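Asks: Kindly generate the corresponding structure for this input.
(one chain, ligands or ions: 1)
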Amino acid sequence: MLSRPPLDRESFEARLRAIGAARYHDRHPFHALLHGGQASADQVRAWVINRWYYQSRIPMKDAAFMSRVTDPALRRAWRSRIEDHDGGLDEGGGLRRWLRLAEAVGLDPGYVASGAGVMPATRFAVDAYVRFVRDMPLLDAVASSLTEMFAPKIHAERIEGLLQHYDFADETALSYFRTRLAEAPRDVAFGLRHVLDHADTAEKQDAAADALTFKTDVLWAQLDALWSGYVEPGRIPPGAWQPGEGLR
Ligand SMILES: O=C(O)c1cc(C(=O)O)c2c(n1)C(=O)C(=O)c1cc(C(=O)O)[nH]c1-2
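Replies: The predicted model follows:
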């Protein structure tokens, strides 16, 4: 049987980018609400609480990834991702910057960091991402991080929209996003090159595209959950954050 040839580098990159264009969560209506200034204070708080769970698991999934990598060069290139989020012993890092945002929107950072009030669907989606990276082929795990190709655009839109529409927004509150604008392009350049270099069969290209699609689902599902709990119909699941809780 004739095997199907892989796409050339350019066409394969275009295939990956088309997945983002069609499915990335910048298209989700929750982001239109948030960036357009129409989200209520409690809807912004619900987003900050739930998105914390995603942030908190990113360095854990990167540690799970690194624990499986036998090539020291790949580990060297990857480990800054953990440092970006965890920071040093005393300061720095995306997690602490996210908690500044939590404070700015009126939440107790200790409450947010405890993970109490995270919606069950958020937990399921994010945990599925960590498991995917832990269990799937390394190439698929790298490909699943490539939603970050599309993140700088949404971070820039978010900084602009929040500064324009919300009193809480200032450079301290938004420092998480400002910092990601500088960090993400380095990760994307490495991750994309790695995937283009290693997906050298049609089957590996399919698997990488599927991994990226899976990741867009992880992100989209979190916003669908947020929408159903805090926008329409506003049915907050048992155990999830109730407005008024966890304020500072
Ligand atoms: O605000 C966003 O829309 C957004 C999306 C994503 C993403 O696409 O997964 C990440 C981030 N932000 C982000 O800040 C971040 O550090 C990050 C790491 C990763 C990853 O999969 O390793 N994605 C993302």
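Asks: and the helix or strand Ala46 falls within, is it in reach of the ligand?
Replies: In the assignment (DSSP states H and E), Ala46 maps to helix 41-66. Yes - judged by Cβ under 6 Å from any ligand atom, helix 41-66 comes into contact with the ligand at Ile58. Where you see a C-beta, it was placed from the backbone N, CA and C, and this is true even at glycine.
Asks: Use 35 as the first number from now on
Replies: Okay, residue one is now 35; in that scheme the one you just asked about reads as helix 75-100.
Asks: Going by neighbour count, list what's buried in that helix.
Replies: 77-99 (16 or more other Cβ atoms under 10 Å).
Asks: Excluding sequence neighbours, find me the nearest residue to His232.
Replies: In space, His232 comes closest to Leu173 once its chain neighbours are excluded; the distance is 5.1 Å by Cβ to Cβ, 6 or more residues apart in numbering.
Asks: you'd agree the one you found is up against Leu230?
Replies: No - using Cβ atoms under 8 Å, Leu173 is not in contact with Leu230; the gap is 10.8 Å.
Asks: I'd like the distance from the strand or helix carrying Glu237 to the chain centre, please.
Replies: Using DSSP H and E, Glu237 sits within helix 236-264. When C-alpha coordinates are averaged (Cα atoms, centre = their mean, to the nearest Å), helix 236-264 and its chain have centres 11 Å apart.
Asks: Which helix or strand lies directly C-terminal to the helix holding Ala80?
Replies: Next along the chain after helix 75-100, taking DSSP H and E as the criterion, comes helix 106-112.
Asks: Okay, buried residues for that following helix please.
Replies: Going by 16+ other Cβ under 10 Å, helix 106-112 has these buried residues: 108, 111-112.
Asks: Which helix or which strand is home to the residue nearest to His232?
Replies: Going by DSSP H and E, Leu173 is in helix 172-178.
Asks: Extract the CA atoms of that helix and return them as CSV.
Replies: Taking Å, rounded to 0.1, in the frame of the first residue of the first chain, the C-alpha atoms of helix 172-178 are listed here in CSV:
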residue,chain,number,x,y,z
LEU,A,172,6.1,13.8,23.3
LEU,A,173,5.5,15.3,19.8
ASP,A,174,1.8,15.5,20.5
ALA,A,175,2.5,17.1,23.9
VAL,A,176,4.6,19.8,22.3
ALA,A,177,2.0,20.3,19.6
SER,A,178,-0.7,20.8,22.3
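Asks: so the helix or strand just after that helix versus helix 75-100, what angle?
Replies: Per DSSP H and E, the first helix or strand lying C-terminal to helix 172-178 is helix 185-199. Angle, helix 185-199 to helix 75-100, by axes from the mean of the first three to the mean of the last three Cα atoms, to 10 degrees: 160 degrees.
Asks: do helix 185-199 and the ligand meet?
Replies: Yes - for helix 185-199, a contact with the ligand is found by Cβ under 6 Å from any ligand atom, at 185, 188-189.
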